[in-house]
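Student: model the structure of this input:
(chains A and B)
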Amino acid sequence: MKAGSNLEKMMESGNFAVTGEIGPPKSCNGEIVRHHAKMLKGWCESFNLTDNQTAIVRLSSIGAGQLLLEEGLEPNIQIVCRDRNRIAIQSDVLGASALGMKNILCLSGDHQKFGNHPTSKNVYDVDSIQLIKILDGMRNGYFANGEEMKDEPPKIYIGCAANPFADPFEFRVTRLEKKADAGADFCQTQCILDMERFEKWMELVRARGLHKRIKILGGITPMKSVKAARYMKKFVAGMMVSDDLIERLDKAEDVKAEGVQIAIEQIEHLKKMEGIAGVHIMAIAWEEIVPEICKRAGLAPRPQV
Amino acid sequence: MIIAERKPIDEILGFLSQHQKVLVLGCGGCVTVCLAGGEKETGILSSELAMARSKEGRPLEVAQKTIERQCDFEYLEGIRHMVKDVDAILSLACGIGIQTCAEAFPDKFVWPGVNTKFLGVNLNVGEWAERCQACGQCVLDKTGGICPVARCSKSIFNGPCGGSQNGKCEVDPDTDCAWALIHDRLARLGQVESLREILPVKDWSYSRDGGPRKLVREDLELESGK
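Tutor: Numbers count the residues shown, from 1 in each chain, chains lettered A, B, ... in the order given. Predicted coordinates for the structure are as follows:
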């Protein structure tokens, strides 16, 4: 065990894992985080806490992580490279670890152009792969400059993201390999809205044996409307939405119910897919649907390990 | 080359509002090539300024001159006699030229007439693009001659990030994804496998982050007998 988190135990023991996601609010109102925590408690092994997602200033991921710990949930702290240099990031890792946070997910981060402070300076002192390497070094007792820690190193289970829907397609597998080489233990994929493409990507992943080196959680996002699906297809960079999925939503009488149904079918499909260690459910602004999806997809109750 | 763009006329008029006599000083270097502050632009701006001020009923006496290079003290010496007669200099050189000018003439106001944009290349008529950030430690040997520091929106070293689609950057559909370019070029050269190597964290101390930079070459100092 590297960190001994629920997530690590679940995956390392070969169980199909479930992670969720909570987006902290644009305020210091911790009750909003607690509300989501109470609603989602027990449905997933751990919950991602986004780090100023879409470059909008929000309650910090570590702050929200503390609220989750207090509510008895396990946080998965996201750290993006956009806003902090290697000094601040390592300091945050030590702080998060001191508070008992064991999972950290390394991301590049959305460019500030998309957020509410587009005139800010970006940092990108390190990139997401270098960040993984820094965290791997830290848990082995070394700072990024090579200096040995005088005290106990932080225990971290290191996560990363992969986007099978961005280009260049084949290089996406190489990039996952680089992340595994850097020391990532698990990977959550971009939400799958084009299963055919995802299958092709997984074939390449398996051909290189990567699924044996890194735990892969397939990204699931239930669609609330046809409009949202069309928007994602057209305007979200690095996003693919299959025409079949849009057609199904379009023809459905109850679009939301169909969106949930599709998510459940996707989970059932991923459960059988070789090399998939679990699912990461990102119900964006629809957190309350997570229990229903988990129940109906046979993911509840969560096994105790 | 250094790419610059002339500042809006109203901003420039604002700088000059307190002056009666001004020297509009063009530069024969980069700003001439990128059509921001050469002899032609110096002439046009001089007329515009004189006209605008006479319209206001507060005439401005405008002298104009374009020298070989404003980033060179030697060429600035050649206009010392002209500078003597004016209240201020409006420099149409890049930020380097403007500062050299201010250093050469410490008793004169020196105003910037252009915004210095970047180190780049002319792609088409009226279109320029950034190519270098002068980070001080070139990595082009590892990236197929395409710079991730200057051309990737996130300056990442192990790209492309998840926002790359159809060869374009998530930040702007008109911007090529630098890492897609790097990947495709190395693939063409049969070197794509080299991208499996993790490029280490960059030493930014060679860049501006290390503080203002200075280069001293002792070999040249010795040669000149200094």
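
Student: near chain A, which residues of chain B?
Tutor: Listed as neighbours of chain A in chain B under the rule C-beta under 8 Å from any C-beta of the partner chain: B:153-172, B:177, B:180, B:183-184, B:192, B:195-196, B:198-202, B:204. To be clear about C-beta, it is placed using only N, CA and C from the backbone, and glycine gets the same treatment.

Student: now the longest helix anywhere in chain A, how far from the centre of its chain.
Tutor: If you go by DSSP state H, chain A has its longest helix at helix A:255-272. Centre-to-centre, helix A:255-272 and its host chain are 19 Å apart (C-alpha atoms, centre = their mean, to the nearest Å).

Student: likewise stretch A:37-46?
Tutor: 15 Å.

Student: which outside residues touch it?
Tutor: Contact with stretch A:37-46 is made by A:5-7, A:10, A:17-20, A:22, A:47, A:67-68, A:71-76, A:103, A:278, A:281, A:287-288, A:290-291, A:294, A:299-302, as judged by C-beta atoms under 8 Å, 6 or more residues apart in numbering or on different chains.

Student: residue ranges with poor pLDDT in the chain?
Tutor: Assuming you mean chain A. Within chain A, no range satisfies pLDDT under 70.

Student: that answer is for a different chain, and I need it for chain B
Tutor: B:226.

Student: now do 80
Tutor: B:225-226 (pLDDT under 80).

Student: for the host helix or strand of B:A187, buried residues please.
Tutor: B:A187 belongs to helix B:178-188 when assigned by DSSP states H and E. The neighbour-count check on helix B:178-188 (16 or more other C-beta atoms under 10 Å in any protein chain shown) flags B:A178, B:W179, B:A180, B:L181, B:I182, B:H183, B:D184, B:L186, B:A187 as buried.

Student: wait, what's in contact with the closest residue to the first one other than its chain neighbours?
Tutor: The shortest distance from B:A178 to any residue other than its chain neighbours is 3.6 Å, reached at B:R151 (C-beta to C-beta, 6 or more residues apart in numbering or on different chains). B:R151 makes contacts with B:E130, B:R131, B:D176, B:A178, B:L181, as judged by C-beta under 8 Å, 6+ apart.

Student: from B:I3, how far off is the last one?
Tutor: Spatial separation of B:L181 from B:I3 under the definition C-beta to C-beta, to the nearest Å is 20 Å.

Student: need the residues of the stretch 1-150 of chain A near chain B, please.
Tutor: With the criterion set to C-beta under 8 Å from any C-beta, the stretch 1-150 of chain A comes near chain B through A:81-82, A:86, A:108-111, A:113, A:122, A:124-130, A:133-134, A:144.

Student: helices of chain B, start to end?
Tutor: B:9-16, B:30-33, B:39-56, B:73-77, B:80-84, B:95-104, B:148-151, B:178-188, B:218-223.

Student: what helix or strand is A:V18 on?
Tutor: Using DSSP H and E, A:V18 falls within strand A:17-22.

Student: pull the number of nearby residues for the nearest residue to B:L181 once chain neighbours are set aside.
Tutor: Excluding the flanking residues, the one nearest B:L181 by C-beta to C-beta, 6+ apart is B:I146, at 4.9 Å. Other residues lying near B:I146 total 20 when counted by other C-beta atoms under 10 Å in any protein chain shown.

Student: spit out the contact partners of B:I146.
Tutor: Here B:I146 is in contact with B:L140, B:A178, B:L181, B:I182, B:R185 (C-beta under 8 Å, 6+ apart).

Student: likewise for A:E288?
Tutor: Contacts of A:E288 (C-beta under 8 Å, 6+ apart): A:M39.

Student: likewise for A:Q130?
Tutor: Counted by C-beta under 8 Å, 6+ apart, A:Q130 has contacts A:A182, B:F157, B:N158, B:I198, B:L199, B:P200, B:V201.

Student: hmm, A:I134 and the fourth one touching each other?
Tutor: Right, B:I198. No: using C-beta atoms under 8 Å, B:I198 is not in contact with A:I134, being 11.6 Å away.

Student: neighbour count: those two, which is higher?
Tutor: A:I134 (23 against 17).

Student: pretty sure that one sits against A:S91.
Tutor: No: with contact defined as C-beta under 8 Å, A:I134 does not reach A:S91; the gap is 11.9 Å.

Student: which residues touch A:M273?
Tutor: Here A:M273 is in contact with A:E199, A:M202, A:G218 (C-beta under 8 Å, 6+ apart).

Student: how near is it to A:R206?
Tutor: 9 Å.

Student: what of A:K215?
Tutor: Separation of A:K215 from A:R206 (C-beta to C-beta): 14 Å.

Student: which one of the two is surrounded by more residues?
Tutor: More crowded of A:K215 and A:R206, by other C-beta under 10 Å: A:K215, with 23 against 15.

Student: tell me the phi and psi of the more buried one?
Tutor: When quoted as degrees, to the nearest 10, the phi and psi of A:K215 stand at phi -80, psi 130.

Student: who's in contact with it?
Tutor: A:M11, A:A17, A:D185, A:F186, A:C187, A:A277, A:G278.

Student: so which of the residues you listed comes closest to chain B?
Tutor: Distance to chain B across those (C-beta to the nearest C-beta) is lowest for A:C187, with 11.8 Å.

Student: I'd like the distance from the host helix or strand of that closest one to the chain centre, please.
Tutor: Using DSSP H and E, A:C187 sits within strand A:186-191. How far strand A:186-191 lies from its chain's middle: 6 Å, per C-alpha atoms, centre = their mean.

Student: and the contacts of it?
Tutor: A:7, A:11, A:19, A:48, A:105, A:157-166, A:176, A:179, A:198, A:214-221, A:238-239, A:277, A:280, A:282, B:162.

Student: turn the buried ones among the residues you listed into a named ChimeraX selection, would you?
Tutor: One line in ChimeraX is enough to select the buried ones among these; burial here means 16+ other C-beta under 10 Å:
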select /A:7,11,19,48,105,157,158,159,160,161,162,163,164,165,166,176,179,198,214,215,216,217,218,219,220,221,238,239,277,280,282 /B:162
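
Student: narrow the contacts of strand A:186-191 to those in helices?
Tutor: Those of the contacts of strand A:186-191 lying in helices (DSSP H): A:L7, A:M11, A:L176, A:K179, A:F198.

Student: and for B:G28, nearest residue in space, chain neighbours not counted?
Tutor: Nearest one to B:G28, counting by C-beta to C-beta, 6+ apart, is B:E68 at 4.7 Å.

Student: that neighbour: how many residues sit nearby?
Tutor: 13.

Student: and the gap between it and A:F143?
Tutor: From B:E68 to A:F143 the distance is 51 Å (C-beta to C-beta).

Student: what about B:D85, how many residues nearby?
Tutor: When neighbours are counted by other C-beta under 10 Å, B:D85 registers 10.

Student: ok, it to B:G113 distance?
Tutor: Applying C-beta to C-beta, the value for B:D85 to B:G113 is 19 Å.

Student: and A:L73, what does it touch?
Tutor: With C-beta under 8 Å, 6+ apart, A:L73 has these contacts: A:A37, A:L40, A:K41, A:S46, A:F47.
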